[in-house]
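Here you go, sequence then predicted model.
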Amino acid sequence: MTIPIKQIKIRKLNMRLKNPFTTSFGTMQDRAFFITEAEDEEGNHGFGESVAFISPWYSEETVETNAHVMEDFLIPILKENKLTHPDDVSALFTPIKRHNMAKSALEGAIWDLYAKQKNISLAEALGGKKTEIDVGISIGIQPTVQDLLNTVDHYVQEGYKRIKIKIKPGWDVDVLRAVREQFPDTPIMADANSAYTLKDIPHLQQLDDLDLMMIEQPLAHDDIVDHAKLQAAMKTPICLDESIHSLEDTRKAIQLGSCKIINIKIGRVGGLTEAKRIHDYCLKHDIAVWCGGMLEAGVGRAHNIALTTLSGFTLPGDTAGSSRYWEKDIITPEVKVESGKIHVPSKPGIGYAIDRQVLDAFTVEEKVFHF
Ligand SMILES: O=C(O)CCC(=O)c1ccccc1C(=O)O
Ligand SMILES: [Mg+2]
């Protein structure tokens, strides 16, 4: 059995978040990304989304490097090879170093196409069993502590299962203490996006009194050695995000004791196949995982939901509802969160329809590659 592909279309979209999102490295509101679409002769359409940002502050990839690598290297590889399963894609892409978000955008469209050809949901194709998933929300750095308290209150009222608060030097211990005082029973965690160094150990140790679920990526984006030192000095579990790009990185981080939890982002690790491998490995090694977010539009969000149905995703992810990000999402129905849960769609593939009108309205460029 092969996965027949007639053509791949890549569309560049420009969208704007409802509200600016601020992390330790800056503020973003404009979002540009690619929607990939793999089509067969039978009229099945599989969709993927690239999650790289306009500038390389989260990782080295950008919207423009995604275009270059997809067009000049990855799509030619797909054209030259027959696929028998979506897992073949990551093996075929191995000679191309890194560029995981570009790889993931294409692999995602093929996973969705494969599930639609088999008439099963993407969750089922991945081996996921959950019919609903627990979700949390990530709150950016706010102008004042009072703004943050109001925002946390809003999302706690909406039912989100855990609140992640972005921190940076000068916006950390006191701010988190204020949140903890007002919300004594809410599951709270912090995400530093690499804003600290080992010199900050005594400062970060103060977080141990605040009963946080975890602190995400406190140290350098490419580090797993210093994180092991910090984890040995702190009770609060460390969760790695930026540092983990593969199963190999995962194995090494666990062996060193660099973290107790891993945030799995499909784009950061090169696609669903590698994400699933990391999940399986962590399950075996008693490391909790959850699904991170990259301020995705509906297609990427749907992929995150499908991945989260795997049994090892025991902690709420960052997959909030569409309306937290967008006036109008590109899928229909949009992703809804009720009492902190998303009901997993059971329709074939990603389980949400593409709203072609909305998709066209945000598309600024498109290219078709015939197979
Ligand atoms: O709501 C989301 O999609 C996740 C928000 C988030 O925390 C984030 C957003 C942009 C870049 C990096 C991160 C992160 O998890 O570090
Ligand atoms: Mg993070």
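Nice, thanks for sending it over. Ligands and ions are numbered 1, 2, ... in the order given.

the helices in the stretch 251-371 of the chain, which residues?
Assignment of helices within the stretch 251-371 of the chain using DSSP state H, counting those that start in this stretch yields the ranges 272-284, 298-308, 356-362.

list the helices and strands the first one packs on?
With contacts defined as 3 or more Cβ pairs under 8 Å, 6 or more residues apart in numbering; DSSP states H and E, the secondary structure elements packing on helix 272-284 are helix 87-93, helix 100-118, helix 247-256, strand 261-264, strand 288-291, helix 298-308. From N, CA and C alone the C-beta is placed, and that goes for glycine too.

how far off helix 272-284 does the third one point, in degrees?
Going by axes from the mean of the first three to the mean of the last three Cα atoms, to 10 degrees, helix 247-256 is angled at 20 degrees with respect to helix 272-284.

Dump helix 247-256 to CSV, keeping only the CA atoms.
The C-alpha trace of helix 247-256 is given here as CSV (Å, rounded to 0.1, in the frame of the first residue of the first chain):
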residue,chain,number,x,y,z
LEU,A,247,14.1,11.6,20.7
GLU,A,248,17.9,11.7,21.0
ASP,A,249,17.8,15.0,22.9
THR,A,250,15.1,13.5,25.1
ARG,A,251,17.2,10.5,25.9
LYS,A,252,20.2,12.6,26.8
ALA,A,253,18.2,15.1,28.9
ILE,A,254,16.6,12.3,30.9
GLN,A,255,19.9,10.5,31.4
LEU,A,256,21.5,13.8,32.7
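
Count the neighbours of Pro95 for me.
Neighbours of Pro95 under the rule other Cβ atoms under 10 Å: 8.

and Ile8, helix, strand or coil?
strand (DSSP: H, G, I helix; E, B strand; the rest coil).

does it really touch Leu74, like I thought?
No. Ile8 is not in contact with Leu74 according to Cβ atoms under 8 Å; the separation is 9.6 Å.

need the residues of the stretch 201-350 of the chain near ligand 2, please.
216, 241 (Cβ under 5 Å from the ion).

follow-up on the earlier one: give me the common contacts of Ile8 and Leu74.
Common neighbours of Ile8 and Leu74, counting by Cβ atoms under 8 Å, 6 or more residues apart in numbering, are Leu106.

quick revisit: in TSV, list the helices and strands packed on helix 272-284 along with distance to Gln146.
Written out in TSV, the entries for those read as follows (distance: least, Cβ to Cβ, whole Å):
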stretch	distance to Gln146
helix 87-93	46
helix 100-118	36
helix 247-256	37
strand 261-264	28
strand 288-291	29
helix 298-308	30
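
Out of these, which gets nearest to ligand 1?
Ligand 1 sits nearest to strand 261-264 of all the helices and strands packed on helix 272-284, at 6.5 Å, using Cβ to the nearest ligand atom.

Quick check: neighbours of the closest one in the sheet, parallel or antiparallel?
Strand 261-264 has the following strand partners under DSSP bridges: strand 238-240 (parallel), strand 288-291 (parallel).

Now do it, average pLDDT.
Per-residue pLDDT values over strand 261-264 give a mean of 98.

And the contacts of it?
Contacts with strand 261-264, where a contact means Cβ under 8 Å, 6+ apart, come from 214, 216-217, 237-241, 244, 250, 253, 275, 278-279, 282, 287-292, 307, 313, 315, 318.

Check the burial of the residue of the chain found nearest ligand 1 by counting its neighbours.
Nearest residue of the chain to ligand 1, counting by Cβ to the nearest ligand atom: Gly293, 2.3 Å away. Applying other Cβ under 10 Å, we find 22 other residues in the vicinity of Gly293.

Dihedrals phi and psi, it?
phi -130, psi 160 (degrees, to the nearest 10).

The residue of the chain found nearest ligand 2: what's it in contact with?
Residue of the chain nearest ligand 2, by Cβ to the ion: Asp241 (3.6 Å). For Asp241, the contacting residues are 191, 193, 216-217, 263, 265, 268, 292, taking Cβ under 8 Å, 6+ apart as the criterion.

and what of Ala288?
Listed by Cβ under 8 Å, 6+ apart, the contact set of Ala288 reads 260-262, 282, 312, 314-315.

cool, and Ala105?
Listed by Cβ under 8 Å, 6+ apart, the contact partners of Ala105 are 10, 34, 36, 48-51, 66, 70, 267.

Against Val69, how distant is the nearest residue to it once chain neighbours are set aside?
The shortest distance from Ala105 to any residue other than its chain neighbours is 3.7 Å, reached at Ser50 (Cβ to Cβ, 6 or more residues apart in numbering). When Cβ to Cβ, to the nearest Å is applied, the distance between Ser50 and Val69 equals 10 Å.

what do you get for Phe47?
Distance check for Phe47 against Val69: by Cβ to Cβ, it reads 19 Å.

the more surrounded of these two?
Between Phe47 and Val69, counted using other Cβ under 10 Å, Phe47 has the larger neighbour count: 29 against 24.

Look up the pLDDT of the more buried one for me, please.
98.

List phi and psi for Arg16.
Arg16 adopts backbone torsions of phi -130, psi 130, taken as degrees, to the nearest 10.

which residues does it bridge with?
On the basis of DSSP bridges, Arg16 is bridged to Asp30.

That one contacts Gln29, doesn't it?
Yes. At 5.9 Å, Arg16 counts as touching Gln29 under the criterion of Cβ under 8 Å.

could the helices and strands packed on helix 272-284 be laid out in CSV, adding distance to ligand 1?
Conversion of the helices and strands packed on helix 272-284 to CSV gives the following (distance: least, Cβ to the nearest ligand atom, whole Å):
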stretch, distance to ligand 1
helix 87-93, 22
helix 100-118, 12
helix 247-256, 16
strand 261-264, 6
strand 288-291, 10
helix 298-308, 8
